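1. next input, structure requested:
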Amino acid sequence: MANTECGVCNRKNSKLLYKAPSFDPPLGNDPAEFELYQCSHCMVAQIHPIPTPDALTKYYSPTYYGTAKAKFNPLIELITRIENKIRASKMLRFMPHHVPNETRVLDIGCGRGNFIKTLAKEGYQCTGVELSSFPEPPAPAQPGQPQFLTGEIESLPLAPGSFDGISIWHVFEHVRKPSHTLKRCHELLKPGGTLMIAVPHFKSFQSRIFRKNWFHLDLPRHLYHFQKGALLSLLSQHGFEILSVDTQGWDQNIFGFIQSAFNSLLFWRPFNEWFQILKKQDPKRGAPGGAPAKARNRLSGLLRYLAYLSASALLLPLALIENVFSVALSRGGSLVVIARKKD
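-> Numbers count the residues shown, from 1 in each chain. Here you go, the predicted model:
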């Protein structure tokens, strides 16, 4: 036990679970590991100490977000577009009223804005919010296009009761004050408005099996890790009625299992190497030393890509079986909750 204050319930009764590696390769004097504590009261886990905003800024570099056009290779980009359509359809299904040109949707932590762009194409009025450190300044809103804002959601000049739906998709674990964020969401939603929130599921079988090697720990960017009971309780405390709870997330769950397995089995390789390979890299980057060195570097990268792709194909059946089994027992790797603001 430690005198570590929980950032969710403010109790001081936490225990050290384990130390886990930094998601990205540490640079310079950056820590290689971080401590993860779990509150004995609300069961929320958190990194300790919580990094300062300035310290976290470098972990949200342009390579983290990708460019406006792409972050991953074309196949993964296609999968993310399909997932955005599924996500949009699910959100609209739970909204009591959704009429194009009238319904307003807010996406907190919108990244490149692919989700709200999907909704905007259907005529919905969409607003996306990102950190002020977002590498590409948002373009002015055009007719039929989403509006993009930068800054903390708690301080942005948005009118209370102005949104029919709010999405916080794998972003809630990043925020410094989860209770403040939910309070603000409740304020911004119309009566009966819908909140859709997704986080990595800390009580998933993946989390319990892989522990410090779990891909979705994403330290130090993920400040908090939620179990189902903790998140539902927090939503209820802030005036939300739970409509749906699911632990399915095909893209997050399947890849999370495969990369976590690589982290555990290929412990001598760089942490999360397969994910880093799949991210779209700057084509101008190359090893120093002229054309021959660059050619060798490209060949080495291609061989690593093919090796991981082949190994992923071997792990895929196991990942699918784990996902079906885990989701059936509500222990899947993603926790997706849809809630309604109480009238």
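
2. just so I have it, where are all the helices in the stretch 1-150 of the chain?
-> Listed in chain order, the helices of the stretch 1-150 of the chain (DSSP state H, counting those that start in this stretch) span 53-57, 62-65, 74-94, 114-121.

3. quick one: closest of those to G193.
-> Closest of those to G193 is helix 74-94, at 10.5 Å (criterion: C-beta to C-beta). C-beta here means a position set from N, CA and C on the backbone, and glycine is covered the same way.

4. what helix or strand is the spatially closest residue to G161 that is not a sequence neighbour on?
-> Ranked by C-beta to C-beta, 6 or more residues apart in numbering and with sequence neighbours excluded, the top spatial neighbour of G161 is K190, at 5.1 Å. K190 is located in strand 189-200, with elements delineated by DSSP states H and E.

5. and that strand, which strands flank it?
-> When sheet partners are counted by DSSP bridges, strand 189-200 sits next to strand 163-169 (parallel), strand 334-341 (antiparallel).

6. pLDDT of it, averaged?
-> Per-residue confidence for strand 189-200 averages out to 96 on the pLDDT scale.

7. which of the residues in that strand are buried?
-> 189-190, 193-200 (16 or more other C-beta atoms under 10 Å).

8. next one: stretch 124-136
-> Within stretch 124-136, the residues that qualify as buried by neighbour count (16+ other C-beta under 10 Å) are 124-131, 133-134.

9. can you redo these as a markdown table with pLDDT?
-> Putting these into a markdown table (pLDDT from 0 to 100) gives the following:
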| residue | pLDDT |
| --- | --- |
| Y124 | 91 |
| Q125 | 91 |
| C126 | 92 |
| T127 | 93 |
| G128 | 92 |
| V129 | 93 |
| E130 | 89 |
| L131 | 83 |
| S133 | 72 |
| F134 | 73 |
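
10. need the max-distance pair from the residues you listed.
-> Comparing every pair within the buried residues of stretch 124-136 by C-beta to C-beta identifies Y124 and S133 as the most remote, at 27.4 Å.

11. and the residue nearest to N253 when sequence neighbours are not counted, how close does it get to H170?
-> Taking C-beta to C-beta, 6+ apart, and ignoring the residues beside it in sequence, N253 has G333 as its nearest neighbour in space, at 4.1 Å. Counting by C-beta to C-beta, to the nearest Å, the separation of G333 from H170 is 11 Å.
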